[in-house]
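Enquirer: got a sequence here, can you model it:
(chains A, B, C, D, E and F)
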Number of protein chains: 4
Amino acid sequence: MRTATPHAFQPRKTPVQKRSTVTVEAIAEATIQVLLAVGLDRLTTTRVAERAGVSVGTLYQYYPNKQSLLFAVLEHHLNNVMEKVEAACEGARHKPLAEMIRDMVEAFVDAKMERADISVALYRVSADAGGPALIKRISQRSRNAVEAMLQTATDAELLPDKVTIDMMLAAMAGVMRSLLEAGPSPVTVRKSREQLVLLCQSYMAAATAKRA
Amino acid sequence: MRTATPHAFQPRKTPVQKRSTVTVEAIAEATIQVLLAVGLDRLTTTRVAERAGVSVGTLYQYYPNKQSLLFAVLEHHLNNVMEKVEAACEGARHKPLAEMIRDMVEAFVDAKMERADISVALYRVSADAGGPALIKRISQRSRNAVEAMLQTATDAELLPDKVTIDMMLAAMAGVMRSLLEAGPSPVTVRKSREQLVLLCQSYMAAATAKRA
Amino acid sequence: MRTATPHAFQPRKTPVQKRSTVTVEAIAEATIQVLLAVGLDRLTTTRVAERAGVSVGTLYQYYPNKQSLLFAVLEHHLNNVMEKVEAACEGARHKPLAEMIRDMVEAFVDAKMERADISVALYRVSADAGGPALIKRISQRSRNAVEAMLQTATDAELLPDKVTIDMMLAAMAGVMRSLLEAGPSPVTVRKSREQLVLLCQSYMAAATAKRA
Amino acid sequence: MRTATPHAFQPRKTPVQKRSTVTVEAIAEATIQVLLAVGLDRLTTTRVAERAGVSVGTLYQYYPNKQSLLFAVLEHHLNNVMEKVEAACEGARHKPLAEMIRDMVEAFVDAKMERADISVALYRVSADAGGPALIKRISQRSRNAVEAMLQTATDAELLPDKVTIDMMLAAMAGVMRSLLEAGPSPVTVRKSREQLVLLCQSYMAAATAKRA
DNA sequence: CATGAATGAGGTTTCATTCAT
DNA sequence: TATGAATGAAACCTCATTCAT
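Expert: Residues are numbered from 1 along each chain as shown, chains lettered A, B, ... in the order given. Here you go, the predicted model:
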């Protein structure tokens, strides 16, 4: 993949007509399908276009380059997870800390597992140049959501600072990745989910206590 | 990068003559240099050979393909980190749990930060096909080292099981990655190091307590 | 030339637009030109594309690999000869055996001599992996044509069986090859043509008589 | 295969010491083995040397280049066949024409079939640049042998001229090639052998008669 | 004489991207 | 807007051959 100038990773035009929207989505969906079917190495723009039932030319009408296509899919996936987490955070307001954490972590794990195959496939995409930046941008949102939630905790004596929250989120992401890449059994998933809850709870407890 | 058959990621021949050994190392070193200088996308075998002061042909005498070259470097790096962690684990035997964890985590963070640039660059390499498998193989070693250490803890009532250790390690890896990819200031590093120690300690404490 | 999987020797796509058809033919023609100009050893896909006035990429749109290109040309040549032979066979129906044979053999020799240079150049191509199979497939056609003709012979008491016909055809091919590779004078060609007719006639006569 | 200058196809030195002779033969034998094992496309000088248990350097002491190695093997094979045919020709002197032909043809077929696999593999070798010349040189010998034999025929009224003999030999070669490349069953071989005898006999009879 | 590490020209093939239709 | 034929830079990798040890 010959990477273009950094600013070029956004979709080219925001479609207004309905037909365009359909096309854009068909292309994004086809990208996932191809990704799962043949892997990132053999994903070509032509193949994606074929699968989407359009010509390559059309593909390039909506995505300025291959990278932007991949990133759009990645972003969509991350946003999807994000929304679930945010929803959980909203729903868990005004609860005790441990419950908050549990709800949030479980929402995260469940969201990721829901499309485990895609999650795994996208790890490789996220490693492409520019990926970390994208990830970072998205993580901001989760931090904000979590932070807002924590401020309403009924039993927290001290609020954890940003570094703490980021650390927890990074730990969650790391555990999740390791889990997904292992291709885990349902049992393993359940156990790991529990343990991850525990990990986050104990850390948050310690972090809020420590300050005191 | 067209990935070959899975078995093809091992170096091709073990050099017997001294001349060869020098060459092999020069190539590996050149790979890192090129990786840091131009990035993975523009790392070509020709460029690596040039930098190493040999011909492409020579490179291919020792590495059957580009992938194996990259993986050799990745493996070397991970082994390096591993050794430091193992050493810390050995040195921390027969101490209280919290101290063990601290020593181990700090060794890990320090080892990673020692060559932060390489660590970051290799994240992309590790995403290549076959990377996760390599990582997994290496992680086994760390789990064993940590497990052996924990068994000698002077104050642990219950030993954490494998899942727990794996979780901790995955969390550590995730945090480290997130940290490294952010290109952190020394201050941030110091703070994060502390926090990561806390995270692991509190989780291990909770996990060992929980069983009881 | 690294030969690919056996099924990969067919042209890649059947062009629909007129522009494409022109391109495909230009490439095939260029292949012959290059073959004659520099020989098989130095025939490269790049050179062929250049000669055809297209880019390499275009070449690979229509031929999945070098081998398929060469085979397409070989097949075309053989088909061309085949058609002449078939026409002769059709035209010689309901004649005495000796005349039939004469017409057929002469058509074969003439067809081969018509593009003697190409014929010779293609012998090397036909030796490539997969060549014999191609030859075999084409030979079926000639056997059928000859067989159909012989059944209408006005004076044949017994029909020769398939083995006999194949033998005659193989002999013809062998003689022709030996002749072409010798780079013969017109006189030699004429003499050899006569003799080959005699060879086939006498063999067929003997073979049909023998059965009786 | 990058072909060298035309004069370079002869073995480099005629070994006088016994050790050398052994080495030379080991290399030749290894060439055949590799040819049969992996095919011409993947036959490399290194592989041959390995199989022969010597280093590439040593191989190049005795054969100036790859081509010469292959041609040495080809020549050896052809000489072997030749000797059998010559012996048959000598043994068939002073017999009637038909018997002569039979003995000779059968010797030829049997000699070829004796190492059918090698015969087939070498067809590709003989197509390499310079091959036809080699073949031609060898064919001279067979023509001479056959000619000498025919002159002693007890019942021949007219001697066939060189063109006639060449034609017969070319036909024989063509039939044999076609037969070998088909990978024939023993039954087919036997039948074809008979038919080839018939073909040659009838042609020679016709050719000698015709002159009259 | 033997070794085998080193050479490096050069071949095949891919695929993101463009633009005339 | 959509199409898809054409582009062509550039990557990977091979292997016959040499020559210092």
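Enquirer: can you list the low-confidence ranges for chain A?
Expert: The model of chain A has pLDDT under 70 over residues A:1-19, A:210-212.
Enquirer: break it down into its structural domains.
Expert: Annotated domains of chain A cover A:8-64, A:76-211 [automatic domain parsing].
Enquirer: which strands and helices sit next to the host helix or strand of A:Thr23?
Expert: Here A:Thr23 sits within helix A:18-38, counting by DSSP states H and E. Helix A:18-38 sits against helix A:45-52, helix A:56-62, helix A:66-91, helix A:116-126, with contacts defined as 3 or more C-beta pairs under 8 Å, 6 or more residues apart in numbering or on different chains; DSSP states H and E. Just so you know, the C-beta spots here come from the backbone N, C-alpha and C atoms, and that holds for glycine as well.
Enquirer: can I get those helices in TSV with distance to DNA strand F?
Expert: Listed next are the helices and strands packed on helix A:18-38 as TSV, based on distance: least, C-beta to the nearest atom of the strand, whole Å:
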stretch	distance to DNA strand F
helix A:45-52	7
helix A:56-62	2
helix A:66-91	13
helix A:116-126	17
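Enquirer: what residue is smack in the middle of chain A?
Expert: Nearest to the geometric centre of chain A sits A:Leu78, at 2.6 Å (C-alpha atoms, centre = their mean).
Enquirer: separation between that one and chain C?
Expert: Distance of A:Leu78 to chain C, given as C-beta to the nearest C-beta, to the nearest Å: 36 Å.
Enquirer: now that residue: closest residue in space that isn't a chain neighbour?
Expert: The shortest distance from A:Leu78 to any non-neighbouring residue, by C-beta to C-beta, 6 or more residues apart in numbering or on different chains, is to A:Ile138 (4.7 Å).
Enquirer: residues touching that neighbour, list them.
Expert: Residues in contact with A:Ile138 (C-beta atoms under 8 Å, 6 or more residues apart in numbering or on different chains) are A:75, A:78-79, A:82.
Enquirer: A:Leu36: how many residues sit nearby?
Expert: The local packing of A:Leu36 (other C-beta atoms under 10 Å in any protein chain shown) involves 14 other residues.
Enquirer: I meant A:Arg137, not that one.
Expert: The number of residues packed around A:Arg137, counting by other C-beta under 10 Å, is 11.
Enquirer: next: the one 10 residues further on.
Expert: Residues within reach of A:Glu147, counting by other C-beta under 10 Å, total 16.
Enquirer: so it, which of the three states?
Expert: With DSSP: H, G, I helix; E, B strand; the rest coil as the basis, A:Glu147 sits in helix.
Enquirer: OK, contacts around it?
Expert: Contacts for A:Glu147 (C-beta under 8 Å, 6+ apart) come out as A:162, A:165.
Enquirer: go on, A:Lys95?
Expert: A:Lys95 touches A:103, A:153-154, counting by C-beta under 8 Å, 6+ apart.
Enquirer: out of the residues you listed, which is most surrounded?
Expert: A:Ala153 leads the contacts of A:Lys95 on contacts (other C-beta under 10 Å) with 22 neighbours.
Enquirer: that residue contacts A:Pro96, doesn't it?
Expert: Yes. Between A:Ala153 and A:Pro96 there is a contact at 6.7 Å, judged by C-beta atoms under 8 Å.
Enquirer: how many other residues sit next to A:Ala173?
Expert: Other residues lying near A:Ala173 total 22 when counted by other C-beta under 10 Å.
Enquirer: and A:Ser68, by the same measure?
Expert: Neighbours of A:Ser68 (other C-beta under 10 Å): 20.
Enquirer: so how far is A:Ala28 from it?
Expert: Per C-beta to C-beta, to the nearest Å, A:Ser68 is found 11 Å from A:Ala28.
Enquirer: please apply the same query to A:Arg93.
Expert: 33 Å.
Enquirer: looking at the two, which is more packed in?
Expert: The neighbour count for A:Arg93 versus A:Ala28, taken as other C-beta under 10 Å, is higher for A:Ala28 (19 against 14).
Enquirer: wait, what's in contact with the residue lying closest to the more buried one once chain neighbours are set aside?
Expert: Closest residue to A:Ala28 apart from its sequence neighbours, by C-beta to C-beta, 6+ apart: A:Val73 at 5.6 Å. Listed by C-beta under 8 Å, 6+ apart, the contact partners of A:Val73 are A:28, A:31-32, A:35, A:122, A:125.
Enquirer: make a PyMOL selection of the buried ones in those.
Expert: Restricted to buried positions by 16 or more other C-beta atoms under 10 Å in any protein chain shown, the PyMOL selection for the contacts of A:Val73 reads:
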select buried, chain A and resi 28+31+32+35+122+125
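Enquirer: can you list the contacts of A:Val73 in TSV and add distance to A:Cys200?
Expert: Output for those, formatted as TSV (distance: C-beta to C-beta, whole Å):
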residue	distance to A:Cys200
A:Ala28	32
A:Thr31	33
A:Ile32	29
A:Leu35	30
A:Leu122	23
A:Val125	26
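Enquirer: any idea which of the contacts of A:Val73 is closest to D:Val146?
Expert: Minimum distance to D:Val146 across those is 68.8 Å, recorded for A:Leu35 (C-beta to C-beta).
Enquirer: what sits against the closest one?
Expert: Going by C-beta under 8 Å, 6+ apart, A:Leu35 touches A:43, A:73, A:118, A:121-122, A:125.
Enquirer: how about JSON lines for those, with distance to DNA strand E added?
Expert: Compiled in JSON lines, those are given as follows (distance: C-beta to the nearest atom of the strand, whole Å):
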{"residue": "A:Leu43", "distance to DNA strand E": "7"}
{"residue": "A:Val73", "distance to DNA strand E": "14"}
{"residue": "A:Ile118", "distance to DNA strand E": "19"}
{"residue": "A:Ala121", "distance to DNA strand E": "16"}
{"residue": "A:Leu122", "distance to DNA strand E": "17"}
{"residue": "A:Val125", "distance to DNA strand E": "13"}
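Enquirer: farthest-separated two in these?
Expert: Farthest apart among the contacts of A:Leu35 by C-beta to C-beta are A:Leu43 and A:Ile118. That separation is 13.3 Å.
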